[in-house]
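[1] Coordinates only, no sequence provided:
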C-alpha cells in the first residue's frame with residue numbers, strides 16, 4: 001500500500017542494510033583475526049613478503065597475505081569431496097542423524113567400572129532440535145494463514161542457513177558435517193520462542209474471562225518443555241565435555257546407536 005515502495009527502500013532501508021549486513025559483519029570478522037595480524041608466526045602470515053618486492057610492499061603485505069589465506073580456505077572447502085566417516089548431508093542435520101565425534105578414548109578402572117569412556121560428541125540437544133523442527137512446521141502454517149512477518153523472518157533466516165547446502169551436496173558432492181548447521185540454531189530457538197508465545201497467548205484478557213486459565217496452561221506446557229530441554233542437556237553433558245563415565249552410560253547416550261558412534 002505504499003506509494004513509492006522501491007524509492008523508500010532504496011533511500012531508507014538500503015543504507016542501513018548495507019551497514020548492518022556488510023560493514024558490521026566485516027569488522028566483526030576482521031576482529032577475530034587480531035591475533036593473526038599481531039603475530040609474525042601465524043599460518044601464511046608472511047606469504048606476501050616471500051612473493052613480492054619493492055619499498056612499498058611492507059605496507060600491504062599483511063592484508064595481501066590475509067586475502068591469500070582466505071582464498072586458500074575457500075579453494076580447499078569448495079573442492080572438498082573426500083569421504084569422511086562423520087560426514088553428513090544437509091537433509092540429515094535437523095534430525096541429528098550423524099554428529100561428529102571430535103574425541104573418544106576408552107579407559108580401564110578409572111570411573112568406578114571396568115570399562116570407561118571419555119568423549120566429545122558434536123551434537124545438539126535433541127529436545128531442542130526436534131522441538132524446533134515441529135515449531136518450524138507450525139511457523140509455516142502460521143505464515144501462510146496470517147502473513148505474520150515474524151514467522152516469515154525466522155523461516156527465511158533458517159532457510160538461508162540450510163537450503164544453499166543442498167546445492168553443494170547434490171551438484172558438487174561436497175563433504176559436509178553437522179556443525180555446518182550451527183548458523184541455523186539461533187533461528188530454531190526463535191521458532192520455539194514464537195510458538196511458546198502462541199501457546200501462552202496474549203497478555204490482554206478477553207471478555208469471557210477464559211484468558212487467565214489459557215495463559216496458565218500455556219505457561220505450564222512451555223515451562224515443562226524448557227525443563228525437559230535442561231534435563232536433556234544435563235544428561236548429554238558428559239559426552240559433550242569429555243567426562244569420564246562408565247562405558248554403559250556412554251553407550252546409553254548414543255541416541256541413534258551406530259549413527260552416533
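    Sure thing, it's come through. This one's a predicted model, so the numbers in the text were calculated from it and none came from an experiment.

[2] distance of residue 38 from residue 64?
    The gap separating residue 38 from residue 64 is 17 Å, by CB to CB, to the nearest Å. Backbone N, C-alpha and C define where each C-beta goes, glycine included.

[3] Shouldn't residue 3 be within a helix?
    No - Residue 3 is assigned coil when assessed by DSSP: H, G, I helix; E, B strand; the rest coil, not a helix.

[4] Quickly note the distance from it to residue 127.
    Per CB to CB, residue 3 is found 48 Å from residue 127.

[5] what does residue 4 give?
    Distance, residue 4 to residue 127, by CB to CB: 47 Å.

[6] one step back: between residue 3 and residue 127, who's got more neighbours?
    Ranked by neighbour count (other CB atoms under 10 Å), residue 3 and residue 127 place residue 127 first, with 19 against 6.

[7] what helix or strand is that one on?
    Taking DSSP states H and E as the criterion, residue 127 maps to helix 126-146.

[8] what residues does that helix touch?
    94-96, 148, 151-152, 154-155, 158, 188-189, 191-192, 194-195, 198, 225, 228-229, 232, 255 (CB atoms under 8 Å, 6 or more residues apart in numbering).

[9] What mean pLDDT does it get?
    Mean pLDDT, computed over helix 126-146, is 96.

[10] still on that earlier bit, and residue 38 and residue 64? Which one has more around it.
    residue 64 (15 against 10).

[11] Correct me if wrong, but the more buried one is in a helix.
    Yes - per three-state DSSP, residue 64 lies within a helix segment.

[12] what's the spacing between it and residue 26?
    In terms of CB to CB, residue 64 sits 17 Å off from residue 26.

[13] And stretch 247-261, end to end?
    Taking CA to CA, to the nearest Å, the first and last residues of stretch 247-261 lie 12 Å apart.

[14] Many thanks, we can stop here.
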